[in-house]
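**Q** Sharing a sequence plus its predicted fold:
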Amino acid sequence: MSESSTWPPPGTDIDTPSAPRIYDYALGGAHNFAADRAAAEAFFTAYPDAPLVARSNRAFLQRSVRYCVSQGITQFLDLGSGIPTVGNVHEIATQLNPDARVVYVDNEPVAVAHTREIIADVPNVAIVDADMRDAEAVLHAPETQRLIDFSQPLGLMMVAVLHYVANDDGIADIMARYKSVLAPGSFLVISHTTEDPRPEIEAVIKKVFEEAGAPIIHRDRDEVTALFGGLEILEPGVVWTPEWQPDESDALHAEPFRSATFAAVARVP
């Protein structure tokens with residue numbers, strides 16, 4: 001990525017690490033800066049599994065999108081979408097159904113700017129510049145209203161985003177509001193990190209993301225299950241990311257617990 005006079009987007013703090021840009025770097029993306037790379041490398045030194053965790057999470061996202069399309073879903077709302085690297089939601093969905101519609105949601109300046117760049121000439125795909133915690137702003141955004149028909153089944157993606165939403169943010173109310181607009185036959189897709197049992201690793205994880213301005217809130221399996229309240233969680237339930245419709249190409253297929261991330265897909269009855 002060229003850090004020229006027109007890049008980064010205005011208002012971007014390139015000296016403070018950003019969680020979406022660290023994740024982009026872990027996936028091999030190019031939309032990150034020196035501070036992000038330094039934080040990421042320090043993170044990887046202390047937690048060598050981190051890049052594999054990121055790739056396994058991205059693989060889960062791709063499998064879940066394919067599943068939703070196979071079940072007739074033609075529209076997706078991707079909350080906290082981050083910086084779209086290869087194999088993002090609209091690429092996977094439109095490979096299977098060229099008429100699929102996707103609305104991305106993020107408020108990180110580089111994520112928003114790069115998404116706009118990628119989708120500039122792509123029909124039926126848009127980005128909403130908003131904090132996913134503000135459900136009303138997301139649901140009533142012009143882009144959402146233009147592309148999403150809430151009377152029809154929807155794929156609601158909350159992949160690797162809810163661990164940035166604290167209980168004090170009103171996560172129960174946020175979840176209830178989003179679920180309230182889901183028509184029968186819709187799917188809710190969630191992946192969520194959980195606490196690493198190694199105290200020294202857990203301390204590093206929390207330190208990195210606190211310094212990036214995105215404190216991590218880990219939840220256990222029961223807490224992640226509760227996020228789906230009222231919906232029908234599909235088999236195999238809430239499992240490690242590589243265990244959901246497993247694929248041997250997943251980076252952590254042989255040792256799924258190393259993903260330290262729970263995942264599940266639920267259907268709206």
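**A** Sure, I can see it.

**Q** What is the burial count for Thr45?
**A** Burial of Thr45 is recorded as 10 neighbouring residues (other CB atoms under 10 Å). To be clear about C-beta, it is placed using only N, CA and C from the backbone, and glycine gets the same treatment.

**Q** helices or strands up against the helix or strand where it lies?
**A** Here Thr45 sits within helix 34-46, counting by DSSP states H and E. Where contact means 3 or more CB pairs under 8 Å, 6 or more residues apart in numbering; DSSP states H and E, helix 34-46 is packed against helix 19-26, helix 50-70, helix 199-211.

**Q** winner for burial among those helices?
**A** Stretch with highest mean neighbour count among the helices and strands packed on helix 34-46: helix 19-26 (a mean of 25; mean count of other CB atoms under 10 Å).

**Q** Now it - C-alpha only, PDB.
**A** Output of helix 19-26 as PDB, limited to C-alpha atoms (Å, rounded to 0.1, in the frame of the first residue of the first chain):
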ATOM      1  CA  ALA A  19      -7.300  -3.800  15.700                       C
ATOM      2  CA  PRO A  20      -8.800  -4.100  12.100                       C
ATOM      3  CA  ARG A  21      -5.400  -3.200  10.600                       C
ATOM      4  CA  ILE A  22      -3.600  -5.700  12.900                       C
ATOM      5  CA  TYR A  23      -6.100  -8.400  11.700                       C
ATOM      6  CA  ASP A  24      -5.500  -7.300   8.100                       C
ATOM      7  CA  TYR A  25      -1.800  -7.800   8.600                       C
ATOM      8  CA  ALA A  26      -2.300 -11.200  10.200                       C
END
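
**Q** Direction-wise, compare it with helix 50-70 and give the angle.
**A** Angle, helix 19-26 to helix 50-70, by axes from the mean of the first three to the mean of the last three CA atoms, to 10 degrees: 100 degrees.

**Q** elements contacting helix 19-26?
**A** Packed next to helix 19-26, using 3+ CB pairs under 8 Å, 6+ apart, are helix 34-46, helix 50-70, helix 109-119.

**Q** what about the ones you listed, which gets the closest to Arg198?
**A** For Arg198, the closest of the helices and strands packed on helix 19-26 is helix 34-46, at 10.3 Å, according to CB to CB.

**Q** Please confirm that Val189 is located within a strand.
**A** Yes. The assignment for Val189 (DSSP: H, G, I helix; E, B strand; the rest coil) places it in a strand.

**Q** Tell me the bridge partners for it.
**A** The partner list for Val189 in beta bridges (DSSP bridges) reads Met157, Val265.

**Q** Just give me the neighbour total for it.
**A** 24.

**Q** gap between it and Phe228?
**A** Note on Val189: its distance to Phe228, by CB to CB, to the nearest Å, is 10 Å.

**Q** Next: Arg58.
**A** Per CB to CB, Arg58 is found 21 Å from Phe228.

**Q** same deal with Arg177?
**A** Applying CB to CB, the value for Arg177 to Phe228 is 15 Å.
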